[in-house]
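In: Sharing a model that was predicted from the sequence below.
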Amino acid sequence: MRHRKAKKTLDRKAGPRRALLKNLAMQLILYEKIRTTETKAKVLRSYVERLITKGKKNTLAARRELMRVLPIENAVKKVLEVYGPRYASRPGGYTRVTKLGVRQGDGARIALIEFIKE
């Protein structure tokens, strides 16, 4: 039984859930905003904010940790060179989730997740 378990499983087992979050994080980092379901956006928010916090250090260890998570080198480079300096003085809260309504086909709640401009 999963009484009092805090994480959202997104109706997937651990491997597919990790793969989904990696891909969503990479797309968000590369394109700065994406449209997805509301629940995925809320789970992705904490995942990406941890990556940005790691990228603020811009050390070799931070680069290697990011490379472990992000499959494309351009995404790692952008975290270290763009987002790290942009949010250097900000203690957290790098993303914003905006609710957009429901999807036509299945009625799923859609949200826009984007980086805050600063």
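Out: Perfect, thanks for sending it. Numbering: from 1, shown residues only.
In: all helices for the chain, in order.
Out: Remark: helices assigned in the chain by DSSP state H are 14-31, 38-55, 60-69, 73-78, 84-86.
In: and the ones you listed, which is most packed in?
Out: Comparing the helices of the chain by mean neighbour count (mean count of other Cβ atoms under 10 Å), helix 38-55 comes out on top with a mean of 19. Heads up, the C-betas are built off the backbone N, CA and C, glycines and all.
In: So which elements touch it?
Out: Judged by 3 or more Cβ pairs under 8 Å, 6 or more residues apart in numbering; DSSP states H and E, helix 38-55 is in contact with helix 14-31, helix 60-69, strand 95-102, strand 109-115.
In: Save the ones you listed as JSON lines, and put in mean pLDDT and distance to residue 7 too.
Out: Formatted as JSON lines, the helices and strands packed on helix 38-55 follow (pLDDT from 0 to 100; distance: least, Cβ to Cβ, whole Å):
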{"stretch": "helix 14-31", "mean pLDDT": "97", "distance to residue 7": "9"}
{"stretch": "helix 60-69", "mean pLDDT": "96", "distance to residue 7": "17"}
{"stretch": "strand 95-102", "mean pLDDT": "98", "distance to residue 7": "17"}
{"stretch": "strand 109-115", "mean pLDDT": "98", "distance to residue 7": "18"}
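In: Now tabulate those in CSV and tack on distance to residue 88.
Out: Below are the helices and strands packed on helix 38-55 laid out as CSV (distance: least, Cβ to Cβ, whole Å):
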stretch, distance to residue 88
helix 14-31, 17
helix 60-69, 13
strand 95-102, 16
strand 109-115, 14
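In: Residue 78 is nearest to which of these?
Out: Taking Cβ to Cβ, helix 14-31 is the member of the helices and strands packed on helix 38-55 nearest to residue 78, at 5.8 Å.
In: hmm, who's touching the closest one?
Out: 9-10, 12, 34, 36, 40, 43-44, 47-48, 51, 69-72, 74-75, 78-79, 83, 95, 113-115 (Cβ atoms under 8 Å, 6 or more residues apart in numbering).
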